[in-house]
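# sequence first, predicted model second:
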Amino acid sequence: MLFDIVFCTLGAALIIGGLAGAILPSLPGVPMIFGGIWLIAAVDGYRHLGPWWLLLIGALGAVAVIVDFIAGTLGARRVGASRRALWGASLGTFAGMFFGIPGILLGPFIGALLGELSSGTSVLRSTHVGIGTWIGLLCGTLVKLVVSLVMVGLFGVAMLVG
């Protein structure tokens, strides 16, 4: 009984922290939300949240993580970036993960900017591509936030209906 309360509290903390992580780039928000939901479902003996609910919520989470990872590159592509800029945005996103919030915010921008510059375009055009990458990153964060809220909403529905 005490462990059930402790694990449900931990699950709720993971969900709340995951919602914050949907906006803050330093926290893995979607995996935290899914982990909290799964932990609460396990404590409940999967009575309310069975495997189909968990698969649905997990699939939504996987889509959110993928969109979040490629959003910067899609933003660069949208403004007509060169192949080098697309590679730069991807590499900048990956490298930025190791430098905390500033790296995650600036990595895709700098990567796309340097990639576009290396293809011989002007500084103004390269900056335009970098800004497009950053806008893509913001759109990816918005998608991640919406999907995170849908995941929590589905969790609530499953707990009430099941």
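Nice, I can see it.
# tell me the contacts of the nearest residue in space to residue 127 that is not next to it in sequence?
Excluding the flanking residues, the one nearest residue 127 by CB to CB, 6 or more residues apart in numbering is residue 113, at 6.4 Å. Placement of C-beta: from N, CA and C, glycine included. Counting by CB atoms under 8 Å, 6 or more residues apart in numbering, residue 113 touches 85, 88, 126, 127, 129, 130.
# wouldn't residue 152 be in contact with residue 33 here?
Yes. Between residue 152 and residue 33 there is a contact at 6.5 Å, judged by CB atoms under 8 Å.
# higher neighbour count, the two?
Set residue 152 next to residue 33 and count neighbours by other CB atoms under 10 Å: residue 33 wins out with 29 against 19.
# so what's that one scoring on pLDDT?
Note on residue 33: pLDDT of 97.
# any idea which element it lies in?
Under the criterion of DSSP states H and E, residue 33 resides in helix 29-43.
# list the buried residues of the helix or strand following that helix.
Per DSSP H and E, the first helix or strand lying C-terminal to helix 29-43 is helix 51-78. Across helix 51-78, burial judged by 16 or more other CB atoms under 10 Å covers 53-54, 57-58, 60-61, 64-65, 67-68, 70-77.
# for helix 51-78, packing partners?
The contact analysis (3 or more CB pairs under 8 Å, 6 or more residues apart in numbering; DSSP states H and E) places helix 51-78 against helix 29-43, helix 83-96, helix 100-118, helix 123-161.
# just how off-centre is it within its chain?
7 Å (CA atoms, centre = their mean, to the nearest Å).
# how about residue 150, what does it touch?
Counting by CB under 8 Å, 6+ apart, residue 150 touches residue 60.
# just the CA coordinates for stretch 104-117, please, in PDB.
Output of stretch 104-117 as PDB, limited to C-alpha atoms (Å, rounded to 0.1, in the frame of the first residue of the first chain):
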ATOM      1  CA  ILE A 104      19.800  23.100 -28.100                       C
ATOM      2  CA  LEU A 105      18.500  26.600 -29.000                       C
ATOM      3  CA  LEU A 106      21.500  27.700 -31.000                       C
ATOM      4  CA  GLY A 107      22.900  24.400 -32.400                       C
ATOM      5  CA  PRO A 108      20.400  24.000 -35.300                       C
ATOM      6  CA  PHE A 109      20.700  27.700 -36.200                       C
ATOM      7  CA  ILE A 110      24.500  27.700 -36.200                       C
ATOM      8  CA  GLY A 111      24.700  24.400 -38.000                       C
ATOM      9  CA  ALA A 112      22.300  25.500 -40.800                       C
ATOM     10  CA  LEU A 113      24.100  28.900 -41.000                       C
ATOM     11  CA  LEU A 114      27.500  27.300 -41.300                       C
ATOM     12  CA  GLY A 115      26.300  24.700 -43.700                       C
ATOM     13  CA  GLU A 116      24.700  27.300 -46.000                       C
ATOM     14  CA  LEU A 117      27.800  29.500 -45.800                       C
END
